[in-house]
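> Here is my input; please provide its structure:
(one chain, ligands or ions: 1)
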Amino acid sequence: MALQKLNHAERAEALTQLPGWTHEPTRDAITKTFRFKDFAAAWGFMSQVALAAEKADHHPEWFNVYNRVDVLLTTHDCDGLSKRDVALALVMEGLAG
Ligand SMILES: C[C@H](O)[C@H](O)[C@H]1CNC2=NC(N)=NC(=O)C2=N1
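The predicted model follows:
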């Protein structure tokens, strides 16, 4: 069965668990900008997220410059926001400290 997009109630619930995350309607994605002490800290975060993402077979769209990591999460398989995006966002929150 195809992965389902989150319904209204599920989206609202997800965003209450994810401070600093914003819904981006054009892509039906959630986004956040993380800032770290320096480039090494940002890259360390990205390395840890990359391992978790690969394990879950669910990957972020992201952009890094120096200590900043802009993240966009959406599910290509259903062309919108799914529980996999919420799960990866929660992993990121845990790793960002
Ligand atoms: C074949 C593979 O399982 C799929 O392409 C996975 C890989 N990573 C993915 N990542 C994201 N963000 N969305 C997907 O739909 C997705 N699909």
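
> mean confidence score for the helix or strand hosting Ala89?
Applying DSSP states H and E as the criterion places Ala89 in helix 83-96. If you average the pLDDT over helix 83-96, you get 98.

> With only the CA atoms kept, save it in PDB.
Taking only C-alpha atoms (Å, rounded to 0.1, in the frame of the first residue of the first chain), the coordinates of helix 83-96 have been written out as PDB:
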ATOM      1  CA  LYS A  83       5.000  10.200   9.100                       C
ATOM      2  CA  ARG A  84       8.500   9.400   7.700                       C
ATOM      3  CA  ASP A  85       9.200  13.200   7.600                       C
ATOM      4  CA  VAL A  86       8.100  13.600  11.200                       C
ATOM      5  CA  ALA A  87      10.200  10.700  12.300                       C
ATOM      6  CA  LEU A  88      13.300  12.100  10.600                       C
ATOM      7  CA  ALA A  89      12.600  15.600  12.000                       C
ATOM      8  CA  LEU A  90      12.500  14.100  15.500                       C
ATOM      9  CA  VAL A  91      15.800  12.300  15.000                       C
ATOM     10  CA  MET A  92      17.300  15.600  13.900                       C
ATOM     11  CA  GLU A  93      16.000  17.400  17.000                       C
ATOM     12  CA  GLY A  94      17.600  14.700  19.100                       C
ATOM     13  CA  LEU A  95      20.900  14.900  17.300                       C
ATOM     14  CA  ALA A  96      21.000  18.700  17.300                       C
END
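
> chain center to that helix: distance?
The gap between the average C-alpha position of helix 83-96 and the chain average comes to 6 Å, counting by C-alpha atoms, centre = their mean, to the nearest Å.

> list the buried ones in that helix?
Under the neighbour-count criterion of 16 or more other C-beta atoms under 10 Å, helix 83-96 has Arg84, Asp85, Val86, Leu88, Ala89, Val91, Met92, Glu93, Leu95, Ala96 buried. For glycine as for every other residue, the C-beta is placed from the backbone atoms N, C-alpha and C.
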